[in-house]
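Asker: can't give you the sequence, but here's the structure:
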């Protein structure tokens, strides 16, 4: 996941200007849930004009838009619900940190949702909370909010008994709960890497350690501001959030802190893997050097004997004796065997006792 900033053409625009981000997904429909304590209606609408009649009906309205390439949808929904232009601008500037902005008659909340298909990808989810509605904008289709949709369809749980603020809490809680499967996967990767860095301290293993550390850092960047955002919702004196929902937000805050604690633990473990890798690589190098040293040590006296009898002197009495050659071989083999036994007994090679 790469951190992106505003495009150059966005930087030149006045505050409140609405411009689609480069490469944004074009929404195909507007997903609408309208529910009361006794009924639920789910629709997929083609325009904001079709959404307008639902605002006059009693009950709670959830509007979800997948994609922010259609600026007119963002602008028309903003006009329909009286949303602040600066908040609408932030919807289209999709690299916002998790935050909460209070505009009086509505709240604007940004949450980062993570996807784990190939590496870690962060998606901005923008939420608007009004008296009787929640409007969400996602960058791309596909999310972790299906449990909320199923609860609405089945009429189970507390969603239909409470107001729009509880729906906003449920959406935030679902996004936070989606972090746990990723953390479980990261924990398994860290455990597997602990064995590999000891047994196979190779370059590929080192690359995997760096990848895990990078992913954990990306997730931490997404979740750390979320803790402050949820805390702001708890402490905000807005009348849009009831005391009952604040109790559930407190539990949501605890989950966020727990997720951060797990991430910090895994970051420390992955950081320690680097030390284990360096230690393992050093140990392997020491083993190689020990073998080479033993071989060199054995051949030093053998090389000395071969060098002595390789000198071109005329008067070397042994050279004229028929037994000299086998005796020299016996001395050389005996020397090598003696040194091997000595090294083994001292524990320098094999598994002999250490002297």
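Answerer: Cool, got the structure. Since the model is a prediction, treat every value here as computed from it, not as a measurement.
Asker: quick one, strands of the stretch 201-350 of the chain?
Answerer: With DSSP state E, counting those that start in this stretch, there are no strands along the stretch 201-350 of the chain.
Asker: what segments of this protein are helices?
Answerer: 8-11, 71-81, 85-92, 146-154, 164-177, 179-199, 203-235, 243-308, 324-345 (DSSP state H).
Asker: count residues in the vicinity of residue 234, would you?
Answerer: When neighbours are defined as other Cβ atoms under 10 Å, residue 234 has 16 of them. (Glycine included, C-beta is placed from N, CA and C.)
Asker: quick one: residues contacting it.
Answerer: Going by Cβ atoms under 8 Å, 6 or more residues apart in numbering, residue 234 touches 246, 249, 250, 253.
Asker: just give the nearest non-adjacent residue to the last one, would you?
Answerer: Residue nearest to residue 253 in three dimensions, not counting chain neighbours: residue 230, with 4.6 Å by Cβ to Cβ, 6 or more residues apart in numbering.
Asker: go ahead and confirm that neighbour touches residue 256.
Answerer: Yes: the criterion here is Cβ atoms under 8 Å, and residue 230 meets it with residue 256 at 5.6 Å.
Asker: can you tell me how far the residue nearest to the spatial centre of the chain is from residue 182?
Answerer: Most central in the chain under Cα atoms, centre = their mean is residue 215, positioned 3.5 Å from the mean C-alpha point. Distance of residue 215 to residue 182, given as Cβ to Cβ, to the nearest Å: 8 Å.
Asker: and for residue 23?
Answerer: Residue 23 is 24 Å from residue 182, where distance means Cβ to Cβ.
Asker: same deal with residue 169?
Answerer: 21 Å.
Asker: more crowded one of those two?
Answerer: Neighbour comparison, residue 169 and residue 182: the larger count goes to residue 169, with 26 against 18 (by other Cβ under 10 Å).
Asker: distance of the more buried one relative to residue 203?
Answerer: To residue 203, residue 169 is 47 Å away according to Cβ to Cβ.
Asker: isn't residue 141 right up against residue 31?
Answerer: No: counting by Cβ under 8 Å, residue 141 stays clear of residue 31, with 9.9 Å between them.
Asker: neighbours around residue 323, how many?
Answerer: Neighbour number of residue 323 under other Cβ under 10 Å is 9.
Asker: could I get the pLDDT score of it?
Answerer: The model reports residue 323 with a pLDDT of 82.
Asker: do the same with residue 143
Answerer: 88.
Asker: what sits against it?
Answerer: 113, 125.
Asker: quick check: it vs residue 100, distance?
Answerer: Distance of residue 143 to residue 100, computed by Cβ to Cβ: 20 Å.
Asker: neighbour-wise, which of the contacts of residue 234 leads?
Answerer: In the contacts of residue 234, the most neighbours by other Cβ under 10 Å go to residue 249, 23 neighbours.
Asker: residues in contact with that residue?
Answerer: By Cβ under 8 Å, 6+ apart, residue 249 lies in contact with 169, 230, 233, 234, 241.
Asker: please repeat the previous calculation with a cut-off of 7 Å.
Answerer: When contacts are counted by Cβ atoms under 7 Å, 6 or more residues apart in numbering, residue 249 touches 169, 230, 233, 234.
Asker: of the residues you listed, closest to residue 224?
Answerer: residue 230 (11.6 Å; Cβ to Cβ).
Asker: state the pLDDT value of that closest one.
Answerer: Residue 230 is given a pLDDT of 92.
Asker: ok, the one 4 residues further on next?
Answerer: At residue 234, the model reports a pLDDT of 88.
Asker: can you check residue 2 too?
Answerer: For residue 2, the model assigns a pLDDT of 40.
Asker: got a markdown table for the contacts of residue 249, with distance to residue 178 too?
Answerer: Shown next, in a markdown table, are these (distance: Cβ to Cβ, whole Å):
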| residue | distance to residue 178 |
| --- | --- |
| 169 | 15 |
| 230 | 15 |
| 233 | 19 |
| 234 | 21 |
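Asker: right, and residue 231 touches residue 253 too?
Answerer: Yes: between residue 231 and residue 253 there is a contact at 5.9 Å, judged by Cβ atoms under 7 Å.
Asker: pretty sure the residue nearest to residue 253 contacts residue 254?
Answerer: No: between residue 230 and residue 254 there is no contact under Cβ under 7 Å: 9.5 Å.
Asker: so between the two, which is more surrounded?
Answerer: For residue 230 versus residue 254, neighbours defined as other Cβ under 10 Å are more numerous around residue 230 (26 against 11).
Asker: that one and residue 164: what is the separation?
Answerer: 17 Å.
Asker: repeat for residue 294
Answerer: 77 Å.
Asker: who has more neighbours, the two?
Answerer: Neighbours per residue, other Cβ under 10 Å: of residue 294 and residue 164, the larger number sits with residue 164, 22 against 15.
Asker: check that one and give its pLDDT.
Answerer: On the pLDDT scale, residue 164 gets 95.
Asker: and it, what does it touch?
Answerer: Residues in contact with residue 164 (Cβ under 7 Å, 6+ apart) are 60, 129, 130, 131, 132, 133, 134.
Asker: of the residues you listed, just the buried ones, ChimeraX syntax please.
Answerer: Buried residues among the contacts of residue 164 (16 or more other Cβ atoms under 10 Å), as a ChimeraX selection:
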select :60,129,130,132,133,134
